[in-house]
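> predicted coordinates and the sequence they were generated for:
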Amino acid sequence: MLSQYHIEITFASLGDRFSARAMSAITYANINQDRLGGLIGHDEFHFDNNAFEKTYAYIEEQRALVVASLKSGDANEAWRAFGRFLHSAQDFYAHSNYVALWLDRFNGQPPTPPSEVDPLDPSLIHSPDLRSGKVYYLFELLYLAKRLRPYILPYTPRDSHAWMNLDSPEQGFKFDYAMQAAIKRTVIEFEKTTEGFSEEMCRLFLDK
Ligand SMILES: [Zn+2]
């Protein structure tokens with residue numbers, strides 16, 4: 001997903017819960033996952049290459065770091081870890097076929113507004129048909145040049161990130177469902193992370 005949409009999702013879901021300083025640290029850590037060094041060899045940052053288990057493990061590792069950091073009084077590290085794994089959770093909807101599988105139930109006719117999307121339907125999360133886009137580096141590099149896309153896509157494998165992504169509105173109406181699912185998922189991840197926090201941990205984390 002493009003950085004501007006990660007920012008939009010994060011503010012739409014959490015903007016009124018944290019201080020401006022905390023939101024800034026969380027958002028920076030989130031979009032920094034798309035730095036060049038984070039794009040190469042880090043499927044777990046973006047749910048790429050069908051690395052589902054690896055990404056779930058990464059999310060839980062970072063969530064544990066949020067808790068440990070707050071217990072040692074380090075809010076900055078907690079915000080950074082939280083931002084890092086929110087990036088993965090949000091990319092799930094842009095890089096997998098979850099939204100496509102959810103919409104398939106309605107025979108291609110989206111029956112409801114995008115805000116009705118269920119972000120964690122267990123039968124889809126565990127579906128044998130769930131896939132995420134494979135990253136073919138050469139094709140992805142060429143795909144970045146928008147003018148080249150019409151020439152490159154026909155030669156790019158259909159299971160690639162280039163074909164499957166819902167990274168921006170240019171990808172069509174499914175993008176709106178990916179956005180809404182990512183907003184809901186971000187709230188769920190926030191609630192899961194802060195469950196059981198002491199008053200002091202809440203104060204530190206929310207910075208309010
Ligand atoms: Zn990403």
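Thanks, I have the structure now. Numbers count the residues shown, from 1 in each chain.
> just checking, which helix or strand of this protein averages the lowest pLDDT?
helix 137-144 (a mean of 89; mean pLDDT, DSSP states H and E).
> now do the buried residues in that one.
Residues of helix 137-144 classed as buried by neighbour count (16 or more other C-beta atoms under 10 Å): 139-140, 142-143. C-betas here are computed from N, CA, C, even on glycine.
> what packs against the next helix or strand after that helix?
Next helix or strand after helix 137-144 toward the C-terminus (DSSP states H and E): helix 149-152. Judged by 3 or more C-beta pairs under 8 Å, 6 or more residues apart in numbering; DSSP states H and E, helix 149-152 is in contact with helix 137-144.
> and the spatially most central residue of the chain, how far from Leu124?
Central residue of the chain (C-alpha atoms, centre = their mean): Gln90, 1.6 Å from the mean position. Applying C-beta to C-beta, to the nearest Å, the value for Gln90 to Leu124 is 17 Å.
> list just the nearest of the buried residues of helix 137-144 to the ion.
Glu140 (12.1 Å; C-beta to the ion).
> what's the closest non-adjacent residue to the residue of the chain found nearest the ion?
Here the residue of the chain nearest the ion is His46; by C-beta to the ion that distance is 3.7 Å. Counting by C-beta to C-beta, 6 or more residues apart in numbering, Asp91 is the residue found nearest to His46 once chain neighbours are left out, at 4.5 Å.
> name all residues that make contact with Arg63.
Contacts for Arg63 (C-beta atoms under 8 Å, 6 or more residues apart in numbering) come out as 81-82, 85, 189, 192-193.
> burial measure for Asp167, as a count.
Counted by other C-beta atoms under 10 Å, the residues lying close to Asp167 total 18.
> no wait, Asn32
16.
> list the buried residues in stretch 107-126.
Residues of stretch 107-126 classed as buried under the neighbour-count rule (16+ other C-beta under 10 Å) are 110, 114, 117, 119, 124.
> ugh, wrong one, I meant stretch 168-177
So for stretch 168-177, counting by 16+ other C-beta under 10 Å, buried means 174-177.
> can I get those in a markdown table including secondary structure?
Shown next, in a markdown table, are the buried residues of stretch 168-177 (DSSP: H, G, I helix; E, B strand; the rest coil):
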| residue | secondary structure |
| --- | --- |
| Lys174 | helix |
| Phe175 | helix |
| Asp176 | helix |
| Tyr177 | helix |
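> which one of these is nearest Ala64?
Nearest to Ala64 out of the buried residues of stretch 168-177 is Tyr177 (C-beta to C-beta; 30.5 Å).
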